[in-house]
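Q: okay, sequence plus prediction incoming.
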Amino acid sequence: MVERFERFSYVISEISKYWHKIAADEMEKYGLKGTHAVYLITMYQYDEGIHAARLCELCGKDKSDVSRMMSIMEKKGLITKTGGSSYRALLKLTDEGRSAAEHVRDRAKLAVDLTGGDITDEHRRILYETLELIADNLRVLSESGLPK
């Protein structure tokens, strides 16, 4: 049982470490951090803009992280904020932001294609279903605590 935990923890940690390294390398040309990649890719799907609260939900980030990252992206000319306070404002990619998001999406697709090319569609479906189940179960445990 502990061996399973160690293996799972190690693999998840390795995936996260390498993803962050690749994302950081790709975002460096924009003077941004790897974390910004998720925001760009998510915002790219919303031509009319998106509110910070929704961005928090979709990216799994808290308000302070979204606020901090959007402020950086706004200073770099990649997004605009319209209406309301920074948390209630509508966030929209500028033309430069859309171009950056397209670049990041293309690079992310390439990374996914290169790393998952030998995984069958059936294995991929099972993998994502399993990861979602584990994430849901961990969320419940984190909220309720481990039984005594």
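A: Arrived safely, thanks for sending.
Q: ok, and the closest non-adjacent residue to the spatially most central residue of the chain?
A: In the chain, the residue lying closest to the centroid (CA atoms, centre = their mean) is residue 38, at 3.4 Å. Excluding its sequence neighbours, the residue lying closest to residue 38 (CB to CB, 6 or more residues apart in numbering) is residue 59, at 5.2 Å. Bear in mind the C-beta positions are built from the backbone N, C-alpha and C, glycine included.
Q: burial of the one you found, as a residue count?
A: By the criterion of other CB atoms under 10 Å, residue 59 has 17 neighbours.
Q: I'd like to know how far it sits from residue 133.
A: 21 Å (CB to CB, to the nearest Å).
Q: then residue 73?
A: 33 Å.
Q: same check on residue 28?
A: For residue 28, the distance to residue 133 equals 35 Å [CB to CB].
Q: ditto for residue 43
A: 28 Å.
Q: so between these two, which is more surrounded?
A: residue 43 (24 against 10).
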